[in-house]
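[1] Got a predicted structure plus its sequence, pasted below:
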Amino acid sequence: MLPAIQQSLVQCATILQQARDPWWVIGSAAIALHSFDPGQIGDIDILVSSQDARQLSRKRHWENVASQGTDRFRSDLLLRPVIGNLQVEFMAGLQVRHKGSWHTVLPVTRRIIPLQGMSLFVPEQGELAEILHLFGREKDIARAALLTERE
C-alpha cells in the first residue's frame, strides 16, 4: 500500500477515535488492508453511524452531500473531505440498488487491522466480498474474486 494511502488511513483512524459506534473501511482500501492488491485506490470509503456522521459534520464543518446519490448508491449522510491527499467518503445509511431493490450495507463482522499504531476496522474477508458483489460493478466483482481466492 502506498505511503500516501497509509497516511490518509491513519488520519481517518485518528479522527474516528471519538466515534461512539462501530465503523468500517470498505472498498478498495479495505482490500488493501486485507493485504491484497486492489489496483488503484482512488478514495477511501468508511461506513459510520448517523450519529457519528452528524458529529463529524458539526465538529469538522464537513457538508452533508447525501442528496448527490446515484441510481446505484445512496446514503442518509455522506461527507466527502480530503484527508491527506485522498478523497474520503464517510457514509451513514449506505444503500445499494441491486436487482431492482435497495439493500442497506451494514457489516456484521469487524476485523481490527493495526497500522502505524492505530486500529482500522474492516469487514472479514468473506463479508467484504459479499458487499463488493452487492455493489455489482465490474471492478467490484474483480476485487471480490481476489478475496475469495485465498479464503
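    Happy to help now that I have it. Here the structure is a predicted model, which is why all the values come from computation and not from measurement.
[2] what about the helices in the chain?
    Secondary structure of the chain (DSSP state H): helices located at 3-15, 27-33, 50-60, 125-135, 138-149.
[3] and the longest one, how far from the chain's centre?
    Translated: helix 3-15. 13 Å (Cα atoms, centre = their mean, to the nearest Å).
[4] Check stretch 98-105 too.
    So, by Cα atoms, centre = their mean, the centroid of stretch 98-105 is 17 Å from its chain's centroid.
[5] same deal with stretch 109-119?
    How far stretch 109-119 lies from its chain's middle: 14 Å, per Cα atoms, centre = their mean.
[6] distance between the ends of it?
    15 Å (Cα to Cα, to the nearest Å).
[7] Which residues does it contact?
    Stretch 109-119 is contacted by residues 6, 9-10, 13-14, 22, 24, 33-34, 120-124, 127 when judged by Cβ atoms under 8 Å, 6 or more residues apart in numbering. All C-beta atoms are positioned from the backbone trio N, CA, C, and that covers glycine.
[8] buried ones in stretch 45-52?
    For stretch 45-52, the neighbour count (16 or more other Cβ atoms under 10 Å) marks 45-49, 52 as buried.
[9] ok, back up a step: save the helices of the chain as CSV, and put in distance to residue 73 and mean pLDDT too.
    Below are the helices of the chain laid out as CSV (distance: least, Cβ to Cβ, whole Å; pLDDT from 0 to 100):
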stretch, distance to residue 73, mean pLDDT
helix 3-15, 20, 96
helix 27-33, 11, 95
helix 50-60, 15, 97
helix 125-135, 8, 94
helix 138-149, 11, 88
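[10] List just the nearest of the buried residues of stretch 45-52 to residue 73.
    Ranked by distance to residue 73 (Cβ to Cβ), the buried residues of stretch 45-52 are led by residue 45 at 10.1 Å.
[11] For the closest one, give me the pLDDT.
    Per-residue pLDDT puts residue 45 at 97.
[12] ok, the nearest residue to it once chain neighbours are set aside - contacts?
    Distance criterion Cβ to Cβ, 6 or more residues apart in numbering; nearest residue to residue 45, sequence neighbours excluded, is residue 27 at 3.9 Å. Contacts of residue 27 were listed using Cβ under 8 Å, 6+ apart, and they are 43-45, 132.
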